[in-house]
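> Below are the sequence and a predicted model for it; my questions follow.
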Amino acid sequence: MYINLNGDLVNKEQFEIDISNRSFQYGDGLFETIIAKDGDIRLLPYHVERLVNGLNALHINHNFTTTNIEGYIQQLLSKNKLSNARIKLQVWRSDGGLYTPSNNVVKFLIIALPHELNQKKIDRCTFSVQITISYNSISKYKTCNSLPYILAALERDSKNLDEIIILNNEGHIAECSSSNIFWYKEGVYYTPSIQTGCIEGVMRKHVLSIAKKHQLIIKEGKYNKEDLLSAESAFTTNATGCTAIQNIDSKVFNTNIPIIPLLGL
């Protein structure tokens, strides 16, 4: 299998992490998980926009554009003979310094693995009691510190759930272990605002865009458990797609969600 390391295709066996790697030592970097379906790289402009904004927020210098990232990914897919793939683009600051970096040069790695989309409804779901998150200037980006989501996923699996919902430190709904969340009630779609501390998901952004195009009402805000549990339907979104929620605790939802077919997935 080949990978792309700083713009060059190399065999994965050639990749080694130096002990001074800043992503390894400090989590000093970002990542994007991107889906290719039938050779089409889905939602790439949204991925690149979030990546670039995140790098700027971390003061890491780069020259990434949608065009050059698409070129890197297509070259890698071709080399590995993949048309359906889960792609991980990881970027980090070059070696040097302790907490204070000695430079701001970007390094990056792109991996592509075979992937088939398999969307199942979420039948068992509840609210996390172990993990909360909070808003800060970089909380909307996918940083290399994913510990809250790892611990939420462990809690989910320990309770034999399909998904778990994370609240923020103010008790507002934020997101799920690896996805954003939406719900529908009386003609209006709702989703937590970025100020809750949730990730600014690319599929979340796509849903907001499609809703605007079709003149559907979506409200972003700070909502409590009761707001969600009084909804008619609910669904999660991430790079892989949208998944309807059937149950949260004892609440049963309608899984026929009109906006999902409009997304062109």
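Perfect, thanks for sending it. Numbering: from 1, shown residues only.
> Which phi and psi values does residue 181 adopt?
Main-chain torsions, residue 181, degrees, to the nearest 10: phi -130, psi 140.
> I'd say it and residue 167 touch.
No: contact between residue 181 and residue 167 fails when scored by Cβ atoms under 8 Å: they sit 11.2 Å apart. For every residue, glycine as well, the C-beta is placed using N, CA and C.
> which of the two has more neighbours?
residue 181 (26 against 21; other Cβ atoms under 10 Å).
> Common neighbours of residue 181 and residue 167, please.
residue 173 (Cβ atoms under 8 Å, 6 or more residues apart in numbering).
> Pop the domain breakdown of the chain in here.
Domain assignment for the chain by automatic domain parsing gives 2-114, 125-263.
> Take those and lay them out in TSV including mean pLDDT.
Shown next, in TSV, are the domains of the chain (pLDDT from 0 to 100):
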stretch	mean pLDDT
domain 2-114	96
domain 125-263	96
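> Can you say which of these is packed in most?
domain 125-263 (a mean of 18; mean count of other Cβ atoms under 10 Å).
> so where do the strands sit in the stretch 151-265 of the chain?
Assigned by DSSP state E, counting those that start in this stretch, the strands in the stretch 151-265 of the chain fall at 163-168, 173-176, 180-185, 188-192, 217-221, 233-238, 241-244, 247-248, 251-252.
> is it possible to export those to JSON lines including distance to residue 102?
Output for these, formatted as JSON lines (distance: least, Cβ to Cβ, whole Å):
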{"stretch": "strand 163-168", "distance to residue 102": "35"}
{"stretch": "strand 173-176", "distance to residue 102": "35"}
{"stretch": "strand 180-185", "distance to residue 102": "36"}
{"stretch": "strand 188-192", "distance to residue 102": "38"}
{"stretch": "strand 217-221", "distance to residue 102": "39"}
{"stretch": "strand 233-238", "distance to residue 102": "35"}
{"stretch": "strand 241-244", "distance to residue 102": "41"}
{"stretch": "strand 247-248", "distance to residue 102": "48"}
{"stretch": "strand 251-252", "distance to residue 102": "53"}
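> Tell me which of the ones you listed sits nearest to residue 264.
Within these, the stretch nearest residue 264 is strand 241-244; the backing value is 10.8 Å (Cβ to Cβ).
> in what helix or strand does the nearest residue to residue 7 once chain neighbours are set aside lie?
Counting by Cβ to Cβ, 6 or more residues apart in numbering, residue 72 is the residue found nearest to residue 7 once chain neighbours are left out, at 6.6 Å. Here residue 72 sits within helix 66-79, counting by DSSP states H and E.
> what packs against that helix?
Helix 66-79 is packed against strand 2-5, strand 8-11, strand 29-37, strand 40-41, helix 44-57, strand 85-93, strand 106-114, with contacts defined by 3 or more Cβ pairs under 8 Å, 6 or more residues apart in numbering; DSSP states H and E.
> Including distance to residue 144, could those go into TSV?
Output for the helices and strands packed on helix 66-79, formatted as TSV (distance: least, Cβ to Cβ, whole Å):
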stretch	distance to residue 144
strand 2-5	17
strand 8-11	21
strand 29-37	5
strand 40-41	22
helix 44-57	11
strand 85-93	7
strand 106-114	12
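> correct me, but the residue nearest to residue 7 touches residue 4?
Yes: counting by Cβ under 8 Å, residue 72 does reach residue 4; the two are 5.1 Å apart.
> And residue 160, how close does it get to residue 250?
Distance from residue 160 to residue 250, counting by Cβ to Cβ, to the nearest Å: 16 Å.
> Likewise for residue 141?
From residue 141 over to residue 250 (counting by Cβ to Cβ), the distance is 35 Å.
> now do residue 100
51 Å.
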